[in-house]
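> Structure here, sequence nowhere to be found:
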């Protein structure tokens, strides 16, 4: 049986490459709104973030998402992203790789 190629994506916050399924996608829509995309299929410019809450805190200080998308991002979005990443990391530790 042929082994499938695992798609890799670059983490916006750390610059490391990870399997696409282990990352969270952030998308900038046509109307310049930034949102978390749990399905990974929303239309717009996407960027990927690893499940590391500390990296999200550092990204808030450095305004990494603003620089990547070239728009102003509300501070509340970073809080929402931190909560989502923290929840997904805890879920992964509890239930393993099954999602």
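Received, thanks. Predicted model only: the values in this text are computed from it and were never measured.

> Show me what counts as buried in the lowest-mean-pLDDT helix or strand in the chain.
Lowest mean confidence among the helices and strands of the chain (mean pLDDT, DSSP states H and E): helix 53-62, at a mean of 90. By 16 or more other Cβ atoms under 10 Å, the buried positions in helix 53-62 come out as 53, 55-56, 59-60. For every residue, glycine as well, the C-beta is placed using N, CA and C.

> downstream neighbour of it in the secondary structure list?
As assigned by DSSP states H and E, the chain's next helix or strand after helix 53-62 is helix 64-69.

> how many neighbours does the nearest residue to residue 92 once chain neighbours are set aside have?
Leaving out its chain neighbours, the residue that sits closest to residue 92 by Cβ to Cβ, 6 or more residues apart in numbering is residue 51, at 6.5 Å. Neighbourhood size, residue 51 [other Cβ atoms under 10 Å]: 21.

> With residue 22 as the reference, measure out to residue 51.
Relative to residue 22, residue 51 is positioned 7 Å away (Cβ to Cβ, to the nearest Å).

> which stretches of the chain aren't confidently modelled?
The chain contains residues with pLDDT under 70 at 97-99.

> can you give me the strands for it?
In the chain, the strands defined using DSSP state E lie at 8-10, 17-19, 23-28, 34-37, 45-50.

> between these, which gets nearest to residue 91?
In terms of Cβ to Cβ, the element of the strands of the chain nearest to residue 91 is strand 23-28, at 11.8 Å.

> contacting residues around stretch 43-63?
With contacts defined as Cβ atoms under 8 Å, 6 or more residues apart in numbering, stretch 43-63 is touched by 9-14, 16, 18, 20, 22-30, 37, 40, 64-65, 68-69, 73, 75, 78, 81-82, 85-86, 88-89, 92.
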